[in-house]
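>>> Sequence and predicted model, in that order:
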Amino acid sequence: MTGRDTSRIVLAAALFALSLLFALWFHDDRHRLAAMLVFTLPPLLALAAVLRGGTTASKGGFWAGVLGLFWFSHGVMVAWSRPADGAYAWAEIVLALVIIAAANWPGLRARFGR
């Protein structure tokens with residue numbers, strides 16, 4: 001198994017875990033459908049793109065990394081402003097960092113690897 005395959009598996013697992021986290025987080029929300037469309041659907045679409053083709057820019061990895069920056073920012077904002085949702089927010093922060101790292105790993109390895 002190559003490093004690219006490993007990063008793709010980690011990226012796929014983190015995207016799935018994030019969509020599951022959002023589904024649990026917003027399960028009892030008053031605007032559940034809107035929350036699912038805004039939060040749960042994007043990681044699932046990125047997951048489908050990654051599973052279909054890998055981690056290249058045109059195949060989902062780049063966009064997963066870009067969305068990871070949004071998810072990281074959202075998690076920090078929620079952790080800071082709503083301590084009651086802190087566990088969900090910290091889980092989102094950790095998963096976003098994993099997504100960003102996994103999406104960028106092949107490029108970093110190609111640039112700085114042996």
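Structure received.

>>> any idea whether Val78 is helix, strand or coil?
Of the three states, Val78 takes helix under DSSP: H, G, I helix; E, B strand; the rest coil.

>>> typed the wrong thing, it's Asp28
Taken by three-state DSSP, the conformation at Asp28 corresponds to coil.

>>> measure it to Ala35 for me?
For Asp28, the distance to Ala35 equals 10 Å [CB to CB, to the nearest Å]. Yep, even glycine has a C-beta here, placed from its N, CA and C like the rest.

>>> helices or strands up against the lengthiest helix in the chain?
Secondary structure of the chain read by DSSP state H shows that its longest helix is helix 86-112. For helix 86-112, the elements it packs on are helix 3-25, helix 61-81, judged by 3 or more CB pairs under 8 Å, 6 or more residues apart in numbering; DSSP states H and E.

>>> rewinding a little: have a look at Asp28 and Ala35 and say which one is more surrounded.
More neighbours surround Ala35 than the other of Asp28 and Ala35, with 16 against 7 (other CB atoms under 10 Å).

>>> What helix or strand is the more buried one located in?
Using DSSP states H and E, the element containing Ala35 is helix 32-35.

>>> And that helix, what's buried?
Residues of helix 32-35 classed as buried: Ala35 (neighbour count, 16 or more other CB atoms under 10 Å).

>>> Please name every helix or strand in contact with it.
Short answer (3+ CB pairs under 8 Å, 6+ apart): helix 32-35 packs on no helix or strand.

>>> and the helix or strand just after that helix, how far from the chain's centre?
The helix or strand immediately downstream of helix 32-35 is helix 41-53, counting by DSSP H and E. Mean-position distance between helix 41-53 and its chain equals 10 Å (CA atoms, centre = their mean, to the nearest Å).

>>> Taking helix 3-25 as reference, get the angle to helix 41-53.
Here the directions of helix 41-53 and helix 3-25 differ by 160 degrees (axes from the mean of the first three to the mean of the last three CA atoms, to 10 degrees).

>>> elements contacting helix 41-53?
Short answer (3+ CB pairs under 8 Å, 6+ apart): helix 41-53 packs on helix 3-25, helix 61-81.

>>> about what we covered before: relative to Arg109, which of the helices and strands packed on helix 86-112 is closest?
Nearest to Arg109 among the helices and strands packed on helix 86-112 is helix 3-25 (5.3 Å), distances taken as CB to CB.
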